[in-house]
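A.B. asks: Next one to model:
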Amino acid sequence: MTTKDRLTRGLLAGIAGGVIMSIVDLILTFLGWVKHPYYDWGLSLLTGSTSGTLFETVIGQIIHFIFTGVLGVFYTYIVLLIPSRNYLLRGWLYGVIIFFAIHVTVNLFGFQPLRPIPTSQLLSDFVTASIFGLVLAETMNRFTLKKIR
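C.D. replies: As a prediction, this is how the structure comes out:
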């Protein structure tokens, strides 16, 4: 599938990355590695509390997908500023920078619903942010008319 609209490509690629990272995040949550899954991050950043019901979990997950879609849109425009043939490295780096910025912001402002962040959560979030960046970059490459290889 290709589309000439950069915004649409970014939104779809971001949501695709968000879906894959959320699947991995949910698996790691069930294994006990994650204290606050991404649906809690999405919900708590807007409401100030984590999910307690299925409805809140669904709303939190939708918020997370909207957020990753917006990150995908930003990526499509940032990519224009940073030319590189190594699109997977660029995508991975973008995912890691977002991970770092969000965790620093949560700690800097002392955002209580998500604190403290255990080391296992940090490791899990780093892995899923890396997955997000790689899926985002690969999806963007597949959506683009001129492939980068």
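A.B. asks: where does the protein have its least confident helix or strand?
C.D. replies: Using mean pLDDT, DSSP states H and E, the weakest-scoring helix or strand in the chain turns out to be helix 38-47, at a mean of 88.
A.B. asks: That one: which residues count as buried?
C.D. replies: For helix 38-47, burial by neighbour count (16 or more other C-beta atoms under 10 Å) applies to 38-45. From N, CA and C alone the C-beta is placed, and that goes for glycine too.
A.B. asks: Compute the mean per-residue pLDDT across the helix or strand where Leu28 lies, please.
C.D. replies: Following DSSP states H and E, the helix or strand that holds Leu28 is helix 6-30. Per-region confidence: helix 6-30 scores 95 on mean pLDDT.
A.B. asks: How about residues contacting it?
C.D. replies: Contact with helix 6-30 is made by 3, 34, 37-39, 61, 64-65, 67-77, 95, 124, 127-129, 131-133, 135-136, 139-140, 143-144, as judged by C-beta atoms under 8 Å, 6 or more residues apart in numbering.
A.B. asks: quick one: that helix to helix 38-47, angle?
C.D. replies: For the pair helix 6-30 and helix 38-47, the angle between their directions (axes from the mean of the first three to the mean of the last three C-alpha atoms, to 10 degrees) equals 110 degrees.
A.B. asks: Output stretch 5-25 as CSV - backbone C-alpha positions only.
C.D. replies: The C-alpha coordinates for stretch 5-25 follow below in CSV (Å, rounded to 0.1, in the frame of the first residue of the first chain):
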residue,chain,number,x,y,z
ASP,A,5,-0.2,11.9,1.8
ARG,A,6,2.6,12.2,4.4
LEU,A,7,0.2,12.9,7.3
THR,A,8,-1.9,9.7,6.6
ARG,A,9,1.3,7.6,6.3
GLY,A,10,2.6,8.9,9.6
LEU,A,11,-0.6,8.4,11.4
LEU,A,12,-1.1,4.8,10.2
ALA,A,13,2.6,3.9,10.7
GLY,A,14,2.4,5.4,14.3
ILE,A,15,-0.7,3.5,15.1
ALA,A,16,0.9,0.3,13.7
GLY,A,17,3.9,0.8,15.9
GLY,A,18,1.6,1.5,18.8
VAL,A,19,-0.4,-1.7,18.3
ILE,A,20,2.8,-3.9,18.2
MET,A,21,4.4,-2.2,21.2
SER,A,22,1.1,-2.5,23.1
ILE,A,23,0.9,-6.3,22.4
VAL,A,24,4.5,-6.7,23.7
ASP,A,25,3.7,-4.5,26.6
